[in-house]
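Engineer: coordinates only, sequence not included:
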């Protein structure tokens, strides 16, 4: 099945580039409300599924034992920019469990965001694992292990009890079978599993509604989603797309990006779950796709709809400010 063109990028009066992709929206019962492309294709969610991976932190009681609030839970679900606030909060999470950055198994890297990178270059000799965009998630992993009495060493490995627990959680949410055959290694070294796009959407739908989940998991899921919506800066960072989407309608939109053109979102009040994948891995297309899909579920005359469509269809300017082209969704995404 050939996926449709979901986004076009123009230069002057011509289309310079096209992106193909798949997208799906499901309701609170898991029924498909909208789809485009091969939504049964297995994709790696990458960082888009971090809220699922953060469930042991809450379900184990670690979050409460260490006094974590919305900021810490949002950071545990984050792909942050490595801003000072992100780094400090990850360090404080580890300190609560009696650990420090030496326990982290995610590796170190400079920020992917240019303004933050410049700040880091001016103030650091080199980044640490706390600056890794996944340090919040990894700090949550360590805290879950420590509270449960599990040795955190090797926590990123496929065979560690924590990863086995996460694997079971993701199977229960998505309905997909996860194992070595559909396992890859994510950028931060933990296992990542290929699941059908529609299954990913349905998994997030369960987290939003609690339907089909035992009470402890339903409560933990809603708590994590609410924390991310309450603290969007700690999910991503200054001017990041996840943060901007959630700031459009505070408390109404949950959004989380993943590498290689994946994006997931929720409208919890409406019981709607969204998942998109740009076939060629382009973030600009996935961002445009998810914004357009979200906009469809706000009244056309509202500020939220206008703001989301401005994110879906936006102009590009060169270094001296000249308008050179546009990124725009196709009719496939507009319905």
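Structural biologist: The structure has been received and is ready for your questions. Note that the structure is a prediction, hence the values are computed from the model and not measured.
Engineer: residue 176 against residue 201, yeah?
Structural biologist: No. Assessed by Cβ atoms under 8 Å, residue 176 is found out of contact with residue 201, at 11.9 Å. In this view, the C-beta of every residue, glycine as well, is placed from N, C-alpha and C.
Engineer: the two: which is more packed in?
Structural biologist: residue 201 (27 against 17; other Cβ atoms under 10 Å).
Engineer: any idea how far that one lies from residue 256?
Structural biologist: In this view, residue 201 and residue 256 are 12 Å apart by Cβ to Cβ, to the nearest Å.
Engineer: cool, and residue 147?
Structural biologist: Taking Cβ to Cβ, one finds residue 147 at 24 Å from residue 256.
Engineer: more neighbours, these two?
Structural biologist: Between residue 147 and residue 256, counted using other Cβ under 10 Å, the more crowded position is residue 256 (28 against 19).
Engineer: can I assume residue 140 sits in a helix?
Structural biologist: Yes. Under DSSP: H, G, I helix; E, B strand; the rest coil, residue 140 sits within a helix.
Engineer: which ones are touching residue 267?
Structural biologist: 252, 253, 274, 294, 297 (Cβ atoms under 8 Å, 6 or more residues apart in numbering).
Engineer: restricted to helices, list these.
Structural biologist: residue 294 (DSSP state H).
Engineer: same list (the contacts of residue 267) but as a markdown table, adding distance to residue 229, pLDDT and neighbour count.
Structural biologist: Shown next, in a markdown table, are these (distance: Cβ to Cβ, whole Å; pLDDT from 0 to 100; neighbours: other Cβ atoms under 10 Å):
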| residue | distance to residue 229 | pLDDT | neighbour count |
| --- | --- | --- | --- |
| 252 | 7 | 98 | 17 |
| 253 | 7 | 98 | 26 |
| 274 | 14 | 98 | 28 |
| 294 | 13 | 98 | 28 |
| 297 | 16 | 97 | 18 |
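Engineer: list the buried residues in the longest helix belonging to the chain.
Structural biologist: The single longest helix within the chain, with elements called by DSSP H, is helix 215-230. Buried residues in helix 215-230, counted by 16 or more other Cβ atoms under 10 Å: 217-218, 220-230.
Engineer: again with stretch 284-300
Structural biologist: So for stretch 284-300, counting by 16+ other Cβ under 10 Å, buried means 284-298.
Engineer: and stretch 29-38, by the same measure?
Structural biologist: 30, 33, 34, 35, 36, 37, 38.
Engineer: please enumerate the strands of the stretch 151-300 of the chain.
Structural biologist: 183-185, 191-193, 195-196, 254-258, 262-267, 272-278 (DSSP state E, counting those that start in this stretch).
Engineer: which helices and strands does the first one pack with?
Structural biologist: Other helices and strands packing on strand 183-185, by 3 or more Cβ pairs under 8 Å, 6 or more residues apart in numbering; DSSP states H and E, are strand 191-193.
Engineer: rounded to a whole number, what's the mean pLDDT of the strand it packs on?
Structural biologist: On average, the pLDDT along strand 191-193 is 98.
Engineer: I figured residue 62 was touching residue 143, is that so?
Structural biologist: Yes. If you go by Cβ under 8 Å, residue 62 and residue 143 touch, sitting 4.8 Å apart.
Engineer: the more surrounded of those two?
Structural biologist: residue 143 (27 against 24).
Engineer: who are the packing partners of the stretch of helix or strand that one belongs to?
Structural biologist: In this assignment (DSSP states H and E), residue 143 forms part of helix 135-148. In this structure, helix 135-148 packs against helix 50-53, helix 55-59, helix 62-65, helix 70-76, helix 84-96, helix 161-174, with contacts taken as 3+ Cβ pairs under 8 Å, 6+ apart.
Engineer: run the last query once more with 7 Å
Structural biologist: On a contact count with 3 or more Cβ pairs under 7 Å, 6 or more residues apart in numbering; DSSP states H and E, helix 135-148 meets helix 55-59, helix 62-65, helix 70-76, helix 84-96, helix 161-174.
Engineer: make TSV out of the ones you listed and add distance to residue 262.
Structural biologist: Shown next, in TSV, are the helices and strands packed on helix 135-148 (distance: least, Cβ to Cβ, whole Å):
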stretch	distance to residue 262
helix 55-59	19
helix 62-65	26
helix 70-76	19
helix 84-96	21
helix 161-174	14
